[in-house]
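1. Build the 3D model from these lines:
(3 chains)
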Amino acid sequence: MTDPKQPIAWHHVRWLLLSLLLVAAPHALHMPAWTIALMAMLAVWRAYVGYARHALPNRWLLLMIALAASIGVFLSYRTIFGRDAGVTLLVIMLGLKLLETRTQRDAMLLSFLGYFLVITNFLYSQTIGTGIYMLACTVFVTATMMSLNYAGSEPPFRAQLRTAGMLLAQSVPLMLVLFLLFPRVPGPLWGLPRDAFAGVSGLSDTMTPGSLSSLVLSDAVAFRVRFDAQMPRAKDLYWRGPVMWDFDGRTWSAQFFFYTAPGIEAAGDLVAYAVTLEPHNRRWMFALDLPARVPPLSLVSTDYQLYSIQPVNSRLHYDMTSFLNARFGEAENRFALRRALQVPPRSNPRAQELGRELRQKHADDEQIIGEMLSMFRRNFVYTLEPPLLGENPVDEFLFSTRSGFCEHYASAFAVVMRAAGVPTRIVTGYQGGEINALGNYLIVRQADAHAWTEVWLANQGWVRVDPTFAVAPVRVDTGISAAVPRTDPLPLMVRPPYEFLRQARLTLDYVANTWNQWVLGYTPERQRSLLAHAGLDDATWEKLTAVLLVVAGVIVAMLTALALRQLKSRARDPVTIAYVRFCDKLRRRGLTREAAEGPVDYARRVERLRPELTPTVEAITRLYVALRYGAESSAIALIELQRRVRQFTA
Amino acid sequence: MYAALRNRFYTWIFQWRGPEAGAIVLGQRRIFILPTRLGLVFATVLLVMLAGSINYSLGLGFVLTFLLGALGVNAMIHTFRNLANLRITGGRARPVFAGDTALFTIHLENLGDTDRYAIGLTHDRRQASFVDVMARSTMPATAGVAAPRRGVLRPGRLTLFTRFPLGLYYAWAYADLDLRCIVYPRPAPSGLPMPPAASSAGSGTERGQGQEDFSGLRQYHLGDSPRHIAWKAAARDQGLLTKQFTGRAETELWLDWAQLPPQMGVEERLSYLARWVLDAHAAGLAYGLRVPGTSVEAAAGEAQRERCLETLALFDRDP
Amino acid sequence: MNDFPQHAVTSRQLERVIAQVGGIILGKERQIRLAIACLLARGHLLIEDIPGVGKTMMAHALAASLGMGFQRIQFTSDLLPADIIGVSIYNRDTGGFQFHSGPIFSQVVLADEVNRATPKAQSALLEAMEEHQVTTEGETRRLPEPFFVIATQNPSYQIGTFPLPESQLDRFLMRIQLGYPDSEAERELLQGENRRDLLATLKPAMTPQELSDLQHRAQQIYTSSALFDYVQALTDHTRRVADYVNGLSPRAALALLHAARAWALMAGRLHVLPEDVQAVLPAVVGHRLVPAGEVTHANGADIAGHLIKQVAIP
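-> Below is the predicted model:
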């Protein structure tokens, strides 16, 4: 079976089918039903042909099927280039290639494709579970390759799997070195298909009533944070996201506009931390209010929002510092302030009327704010399931339903303030988070999504006002689960009665976080910072390559030494081991024992050349002969032999 | 010119050193290793996978790509190891007739604790036979070598190779053992009559004529003694038949170079003599052989057949 | 290696036999020891050499010293099987056939110049050697115990010989070559008494019962698995390599083992050493291994020496 042109046998077909189906199986989750049926048919067909030793089908027939399948894929996906369509097509072509696989070379190429198929699975999922499953698949594909390279008898199935697993296990040290030290290039190298990162949830750049409360139902992780020192208090954990200026009567939206950024007048406490942001396909990044630095490859907007240069479509890790309780924006641009007062004139008339009333009542902005907040405090309800709102949502909320989620409060507060002539903007983001004591880091989930406002006061700049805090202070102090009524459909895990489940989940999250940090999130930046920690500052790729080559060389040398260790014949029984040691001692004195020289002959020769050794050599030889050739087998004699050999010096 | 240069280059790089007596242990300097075509394809697949991992920022993609890359390196070590430290001794090769294929056996001894799989042996790189050598055991491997001419056939350099375990590398070693195989002359097609049997003379023995054991009849050939013609059969119109006897003296046959027509060439004579030897052996006769310079005393049996054919094979050739 | 005593079980009688025979065949102690080892291993002995070096004398001396019945058969080209085995003759008195046993019915049979007889006569002897019994006229007769054949033959390149076929050579446990005596021994031979007269004065140094005991003890000599490994390695080697026309047969391997045990017994040891195997190897394999591709006649010592060097002691 080691001639590439030799036809493969039935058991090789079995190996191929088994390993390829294992690799392709997870794709069934997103492939159209008809392609799954086609794959099953192709596999059964190949199995039958292999088992019954029939001839493989005509190439033209296969070509027709391939053509038909391509058209089918196009009809299903309206393209054949996207991620899903491409992968589906690849799986089908693999099935067809199976029906064309006749020789060992074909089968080997198919195994390579099997490896390639493993990597396509990672486009969909890179969890630990997927990793373990795909590792098993890799063992199977490797075993298939090995099976194709036996010449005569093959070891049993399990033994082959074990050998393949061993081969891979021995490769792990070198893999680790390559993983850590191989010079990383930031991707992408070419355009990504449009659907490459479909289906991730997160904040949006608009806010309508209900948009956040639906997000809160998801317990997906938004980002994780590790603080360098003491973690700030829960009520300071405002994670700043998209800032919204424009209101059309119903929807708030964030739009770029550029002008000179206002400065920071007074920095509060400085806090340093590192964020690992889950991909969300948008450009904004999150930082504690107020970001104090700009991470690489990102920029900060005039409203102190962090933006990544590229959409965040892979896990992003960045070090951040923030000022807690900073004073900023006292010298805010007047165009910006005018913008922060815009309300569509005909929308929400009652709310605007309320704003104007407040302005007439109080001259001081702060009093206006205070009155508004105390109004919320009096008879408003904080709930995840607010009633649906109609034409003028703010009016309806303020004067009839009086129950809502954070976006309702923020929106209503902002409209009233603007009507009262206080420049106000809405900040969306996250508030709070869950501390995982296991890894001592903070998990911020989509469920922690929040919206609050910032008002501009003449001598203080932009000041954060969280109307939700007025309604439900618990939301900010302890988290969402305490703040909403028990009947609200919060994610199960967030609720307190399931403490043990929560604990298990935190443990899992810790593992997942470690995995994310070190396996999935091992970016060029992370590589650089790791190497900097290891004392290799500003690692150019030349330096990296040199280090990589040296370390890899050492590992390969060690592997080789280990592999070649068991090739020479070794003495196995203690008697021979002792005697061989004795012979070695004499060999170092130039008295080498010939391979065909008996022990007594050897002893006589040694005694002739070195008469002074006679008593010891004779005693050792006598013991050895009695133990190895005689009926003597006592442990005492063996110990005596070992002792004498140990003490022997030539 | 080019061929000579290439040969010198190969001699230097592969350390060809001519036939070696005794056992050869495949030390690390004797084994050469190169990736196979499939190995290069594998490397290409890995590059594509690496590019894909970079493009899509697939953390696990990097893991898999680097794992397979390391596997590729490990496969090289294992392919090398599959051949390393094998002990090779030359075995026997049964004599063949010219035109046949000589099968040279060499013995592969695995002294270590690791099983060796799929070790190929080839002479011409076109045909190979494969053996598995389990730990602490010895396996024979055979290489077929065409034997076009009579004489002593020396196969020269044999190649031991392996692609195990993954087929990504081709490791090989040259074994230039002092192997030889006697190639008998191709026997002429049967049909030429046997030379007449001569009664033994000059050996100083006085046995009876041994004509008592009648064994059968055969077609009369010119030169058969009239005393042995089956006259009774002739009278019955069955043509001339010669009586054959198994008695010792009667069948002491001399297959003599000189009995063949003088115009025959050397090789032709040898091939006729070979045919006679085979026929005489098949008939169970005792016979002797005379060729210029040597003769083989009359005897019967397997050993005699081999001795005679070997004499013919080595006629005018150095053993 | 005899003076590397392990256990003092050296048989005094054996030493006496060696001394007695050595007094007649001068300077050939090694061959005498081998011959006795052969006898202790219950094997038959082939002595091959040119005429006049004392083959017959040695056989004679051995038989006499061991106190065994001795018969000599001179093999000639007209020797018939009946001359060896015996014939049934019609007895007028009893009115039936009576078997007159031939010289084979003896404890020690000296088959002199065995390669001068025809294969027919040779095979009669060899059958008897193998079976320890003869069958004539449908009746099977046991041969005496112990039964020991010493055959002598002239080198096969001498004219007028029928060399023993390889298959039958295998039935002799050992083949020894005497060779010319060294000058010292030859001088002593020339100066000393007539050997035949000396032979007549020999007295048995051992009873048949003692000999039988020793043969039994030789079988009991302990043989470790390491030694079996060595014997197997030797035989495997001869079968594998191209140096020999044929490898050693299983019978040859057994012969080697038996001979080595006898040799160990004679050295006064309770177990066999690789050295014992090496010591008897020339005599045991010399007539069994035919070097390939060589026309010249190789002697046992060369063949065995080559073999010993090739095979490592496991």
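
2. I'd assumed residue C:101 was in contact with residue C:87.
-> No - using CB atoms under 8 Å, residue C:87 is not in contact with residue C:101; the gap is 9.2 Å. C-beta: built from backbone N, CA, C; applies to glycine.

3. The closest residue to residue A:62 other than its chain neighbours: what secondary structure?
-> Distance criterion CB to CB, 6 or more residues apart in numbering or on different chains; nearest residue to residue A:62, sequence neighbours excluded, is residue A:96 at 5.3 Å. Following DSSP: H, G, I helix; E, B strand; the rest coil, we place residue A:96 in the helix state.

4. list the contacts for the closest residue to chain C within the stretch 51-200 of chain B?
-> Nearest residue of the stretch 51-200 of chain B to chain C (CB to the nearest CB) works out as residue B:92 at 4.3 Å. Residues near residue B:92 by CB atoms under 8 Å, 6 or more residues apart in numbering or on different chains: B:105, C:240, C:241, C:242, C:292.

5. I'd like to know how many residues surround the residue in the stretch 201-314 of chain C that chain B sits nearest to.
-> Taking CB to the nearest CB, chain B has its nearest neighbour within the stretch 201-314 of chain C at residue C:242, 4.3 Å off. Neighbourhood size, residue C:242 [other CB atoms under 10 Å in any protein chain shown]: 20.

6. Now for it: which residues touch it?
-> Counting by CB under 8 Å, 6+ apart, residue C:242 makes contact with B:90, B:91, B:92, B:93, B:179, B:180, C:292.

7. Please repeat the previous calculation with a cut-off of 10 Å.
-> When contacts are counted by CB atoms under 10 Å, 6 or more residues apart in numbering or on different chains, residue C:242 touches B:89-93, B:104-106, B:177-181, C:292-293.

8. Out of these, name the ones that lie in strands.
-> Counting by DSSP state E, those place B:89, B:90, B:104, B:105, B:106, B:181 in strands.

9. which residues does the last one form a beta bridge with?
-> Applying DSSP bridges to residue B:181 yields these beta-bridge partners: residue B:153.

10. didn't it look like it was pressed against residue B:149?
-> No - counting by CB atoms under 10 Å, residue B:181 does not reach residue B:149; the two are 11.9 Å apart.

11. which neighbours do the two share?
-> Residues touching both residue B:181 and residue B:149 (CB under 10 Å, 6+ apart) are residue B:313.

12. out of the two, which sits in the busier spot?
-> residue B:181 (21 against 15).

13. measure the more buried one to chain A for me?
-> Residue B:181 sits 25 Å away from chain A when distances are taken as CB to the nearest CB, to the nearest Å.

14. related to what we said a few turns ago, would you convert the ones in strands among the contacts of residue C:242 into JSON lines that also reports pLDDT and distance to residue C:83?
-> Below are those laid out as JSON lines (pLDDT from 0 to 100; distance: CB to CB, whole Å):
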{"residue": "B:89", "pLDDT": "85", "distance to residue C:83": "49"}
{"residue": "B:90", "pLDDT": "83", "distance to residue C:83": "48"}
{"residue": "B:104", "pLDDT": "90", "distance to residue C:83": "49"}
{"residue": "B:105", "pLDDT": "88", "distance to residue C:83": "47"}
{"residue": "B:106", "pLDDT": "89", "distance to residue C:83": "51"}
{"residue": "B:181", "pLDDT": "88", "distance to residue C:83": "46"}
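
15. And the chain, split by domain according to the record?
-> I went with chain A, as the question did not name one. A:10-154, A:206-497, A:574-647 (automatic domain parsing).

16. switch to chain C, that's the one I care about
-> Split by automatic domain parsing, chain C gives C:12-205, C:221-314.

17. returning to what we had before: for the domains of chain A, give me JSON lines that also has mean neighbour count and mean pLDDT.
-> Conversion of the domains of chain A to JSON lines gives the following (neighbours: other CB atoms under 10 Å in any protein chain shown; pLDDT from 0 to 100):
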{"stretch": "domain A:10-154", "mean neighbour count": "18", "mean pLDDT": "90"}
{"stretch": "domain A:206-497", "mean neighbour count": "19", "mean pLDDT": "83"}
{"stretch": "domain A:574-647", "mean neighbour count": "17", "mean pLDDT": "89"}
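
18. So for residue B:157, which of those domains sits nearest?
-> Of all the domains of chain A, it is domain A:10-154 that lies closest to residue B:157, at 21.6 Å by CB to CB.

19. Can you measure across that closest one, start residue to end residue?
-> Domain A:10-154 stretches 13 Å from its first residue to its last (CA to CA, to the nearest Å).

20. Please compute how far it lies from its chain's middle.
-> 26 Å (CA atoms, centre = their mean, to the nearest Å).

21. anything in contact with each of residue C:87 and residue C:101?
-> Common contact partners of residue C:87 and residue C:101 (CB under 10 Å, 6+ apart): residue C:136.

22. Just the element for residue A:299, please.
-> Assessed by DSSP states H and E, residue A:299 sits inside strand A:298-300.

23. go on, residue C:122?
-> helix C:119-131.

24. which parts of that helix are buried?
-> By 16 or more other CB atoms under 10 Å in any protein chain shown, the buried positions in helix C:119-131 come out as C:119, C:121, C:122, C:124, C:125, C:126, C:127, C:128, C:129.

25. What are the buried residues along the next helix or strand after that helix?
-> Per DSSP H and E, helix C:119-131 leads on to strand C:133-136 as the next helix or strand towards the C-terminus. Applying a neighbour-count criterion of 16+ other CB under 10 Å, one finds C:134, C:136 buried in strand C:133-136.

26. No further questions, thank you.
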